[in-house]
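Participant: Just to be clear, the model below is a prediction. Sequence and coordinates:
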Amino acid sequence: MPSSPPPPPRVFVLSPANCAGERARILLRDEATFDLAVRLRSSEGATVGETFSFLSGLYFRGKLAYAGAFARPPIGGDGVLVITTHRGLLPARTRVTVGELRDMACVPIHVDEPRYRGPMERDAEQLSRAVGEAGEVVLLGSIATPKYVDILRTFLGSRLRFPAEFVGRGDMSRGGLLLRQVQANEELTYVPLEGATRRGKRPPKLNPIQAMKSKGQILNLKQSRIK
């Protein structure tokens, strides 16, 4: 019997971390001696995923773990992309250095900022072609403001989706929810962003996180040690 065709691509787009906040200042100190800071100052750098996880904490760690568990990358492409201030959509595995992180901190994320909008439009168009008409792109980030949504929706239309369970939750609650779904190996419900309810009643608090595993690796839910 002929084998069934593979499922269409599903790419996750993760909202960025704050590159100009307090944790960024800690990470960018020349005197910082913890591992991530040292690697960022080297020529090899560190991945966008681990760097933004440090900057943003639980929320980004949840997004990264969830997207890594459930993405279906297009042929020759990546399944986990991160929004940046001036470099468009970067694969989470992309390496950056301390200089590049400082450059990111200098560009505001705003639809009227050409340094942000230009690369985002370029990459959103490429992403639209990569996933095709049958694929979908799931935004793990704010859906209540236009800074991500307007650009992505222009190129993706009804293929742009978000988890319905995000409505009414704050960032920390979303991060905890995503980690729990990875533990249970259960996906959330993705709904088209067009015409969807983006604000709603706050849901009940989540139960405490138990020991969690993703693809055989224990997720470290504690903050990185800072020296």
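Facilitator: Happy to help now that I have it. Residues are numbered from 1 along each chain as shown.
Participant: How far does the strand or helix carrying residue 27 sit from its chain's centre?
Facilitator: Assigned by DSSP states H and E, residue 27 belongs to helix 22-28. Its chain's C-alpha centre and that of helix 22-28 lie 19 Å apart, by CA atoms, centre = their mean, to the nearest Å.
Participant: switch to numbering from 47
Facilitator: Sure thing, new numbering starts at 47, so read that last one as helix 68-74.
Participant: Now it: average pLDDT?
Facilitator: Averaging pLDDT along helix 68-74 gives 94.
Participant: cool, and stretch 205-219?
Facilitator: Here the average pLDDT along stretch 205-219 is 93.
Participant: mind saving the C-alpha coords of it as PDB?
Facilitator: Provided in PDB are the C-alpha atoms of stretch 205-219 (Å, rounded to 0.1, in the frame of the first residue of the first chain):
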ATOM      1  CA  ARG A 205      -2.400  30.300   8.200                       C
ATOM      2  CA  LEU A 206      -1.300  32.400  11.200                       C
ATOM      3  CA  ARG A 207      -2.600  30.800  14.400                       C
ATOM      4  CA  PHE A 208      -2.100  31.000  18.100                       C
ATOM      5  CA  PRO A 209      -3.000  28.700  21.100                       C
ATOM      6  CA  ALA A 210      -6.600  29.400  22.200                       C
ATOM      7  CA  GLU A 211      -5.500  28.600  25.800                       C
ATOM      8  CA  PHE A 212      -3.300  31.700  25.800                       C
ATOM      9  CA  VAL A 213      -6.400  34.000  26.100                       C
ATOM     10  CA  GLY A 214      -6.600  35.600  29.500                       C
ATOM     11  CA  ARG A 215      -3.200  34.400  30.700                       C
ATOM     12  CA  GLY A 216      -0.100  36.400  31.600                       C
ATOM     13  CA  ASP A 217       3.400  35.600  30.500                       C
ATOM     14  CA  MET A 218       4.300  33.500  33.500                       C
ATOM     15  CA  SER A 219       1.100  31.500  33.200                       C
END
